[in-house]
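**Q** Quick check, what structure comes out for this input:
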Amino acid sequence: TISDSINGFTDDEKQGRRVEDFAAEISEQLRQVARLSSQSRQEPIRDELLRYVEEVRTRETGRSSILGMSIAPYDNLNTAISGLRPGFYYAVGGAPRRGKTNLMLRLATLVARNEKVPVLYYSFEQTKHVLLTRVLSQESLINPLILQRGDIRNKADLVTRFNKGIKETSAYMDNFYLFEGDRQDTIEHIRSVAYGIMDSHHTDHCAIFIDFLQKVPTVNPYASLQKQVDEVSGLIAQLSTELQSPIVAVSSFDKDGCRLDSEMSKERPTMFNCTGGGDIEYDADVALIIVKDYHDTAQLEEKIANAVREGGVNPHHIPHFDILNLFIDKNRDAPEGGNIIVQFLFLIEDNQMVELGYKDVEERYSYAKAGKIFEWMLERGYLEAVGPGEH
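**A** Coordinates of the predicted model:
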């Protein structure tokens, strides 16, 4: 009605109506609409409390204790952060070559597989083809270079692994979306895309992964990277709440953060060491930091070196790896108890992030743990055992 009145105002002028009278009338109508809209959104907690009581009363026994979307088989991390929870913003910080993208891709595909909801993965660094190759590498345990250039069809072992990778990926291929981020992909645009995809899937939920935060464009350009990062981080927090869906965003370390993630450092980096990231930890509901565990990595390297010297392991079949610590520096509404450091074995060539469990902060059993990882690598073929006389 207001729109029609404004459109017809030119005709009304012929009847002698003054602009100020017309403006006053329209203003009152607009205020009435605003009051009605406000009343429709404001209500006491009574109804919500009654719904809460009813949900508790009828809750099934034995239901999952995970509040969010499951990231099993990362069971320790799943428990520590209670899954990827609705309306939560997860910030992940790390230095280059620390497996951030591999962890992000793995979490994204696990959510797509476990929850059957649309998962949007935005990369501002890599192409869709490269990302899909890395996903297939994770599922097939085939090096990405071999996937892209190798002779797979004439090697039985590779054929078996490739077919397994295709089968695993097919389980979630209709729910997983890869995007090559560009200048148009502001948070506002990502919001529109998310609503469109949720509508096409007839669902009210999704999960969004952003790799990485510092490269997300804004509608209005900023002279300062810190101001741009602050705006993007704040908008991500708002969008996760609006969609009632988890959003996970990777953030890169600045030079000081990379220095702290070095063997010589006595300290470790935090979210405040992210590039332009003063407000990221304040905005995020969960803050995760990936750093290399130089001590545990050295223990495993020593275990493998001893096996090579003793003639039990082929020295020409040893993968590149790191043991990584994932610190949970902030965890809003955290489950009772629980640990704050989850360890991963990062098998670099195969893009594998294998969860090892919670870190023993007192380092009492680190060498025994190295022995267990060593045996696991032998069983899975990452290390090749040799018998007497073999080379």
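**Q** On the three-state scheme, His317 is what?
**A** At His317 the chain is in coil, as set by DSSP: H, G, I helix; E, B strand; the rest coil.
**Q** Test my guess that it contacts Leu378.
**A** No. The pair His317 / Leu378 is not scored as a contact, 10.7 Å apart, by Cβ atoms under 8 Å. Where C-beta positions appear, they are placed from N, C-alpha and C, glycine not excepted.
**Q** So if I had to pick from these two, which one is more boxed in?
**A** The neighbour comparison of His317 against Leu378 (other Cβ atoms under 10 Å) goes to Leu378, with 16 against 12.
**Q** Contacts only, for that one.
**A** Val313, Ala385 (Cβ atoms under 8 Å, 6 or more residues apart in numbering).
**Q** mind checking which helix or strand it is in?
**A** Assigned by DSSP states H and E, Leu378 belongs to helix 366-379.
**Q** again with Met353
**A** Per DSSP H and E: Met353 is located in strand 352-358.
**Q** Also Leu103?
**A** helix 100-115.
**Q** contacts for that helix?
**A** Contact with helix 100-115 is made by 69-74, 84, 92, 94, 117-119, 121, 123, 125-126, 131, 134-135, 138-139, 169, 171-172, 175-176, 207, 209, 211-212, 246, 248, 250, 290, 326, 344, 346, 351-353, as judged by Cβ under 8 Å, 6+ apart.
**Q** Name the residues linked to the closest residue in space to Val286 that isn't next to it in sequence by a beta bridge.
**A** Distances taken as Cβ to Cβ, 6 or more residues apart in numbering place Tyr90 nearest to Val286, at 4.7 Å, with adjacent residues excluded. Beta-bridge pairing for Tyr90 (DSSP bridges): Val248, Val286.
**Q** Make 32 the starting number, not 1.
**A** Sounds good: first residue 32 from here, last item Tyr121.
**Q** Am I right that Leu274 is in contact with Ala225?
**A** Yes. With contact defined as Cβ under 8 Å, Leu274 counts as touching Ala225 (6.2 Å).
**Q** overlap in contacts of the two?
**A** Common contact partners of Leu274 and Ala225 (Cβ under 8 Å, 6+ apart): Cys237, Ile239.
**Q** quick revisit: ok, and for the helix holding Leu409, which residues are buried?
**A** Under the neighbour-count criterion of 16 or more other Cβ atoms under 10 Å, helix 397-410 has Ser397, Lys400, Ala401, Ile404, Phe405, Met408, Leu409 buried.
**Q** For the strand holding Met384, the averaged confidence score.
**A** Average pLDDT, strand 383-389: 91.
**Q** Next: stretch 187-197.
**A** 91.
**Q** just so I have it, where are all the helices in the stretch 182-331 of the chain?
**A** For the stretch 182-331 of the chain, applying DSSP state H, counting those that start in this stretch gives helices covering 187-201, 218-231, 256-274, 286-291, 311-314, 325-340.
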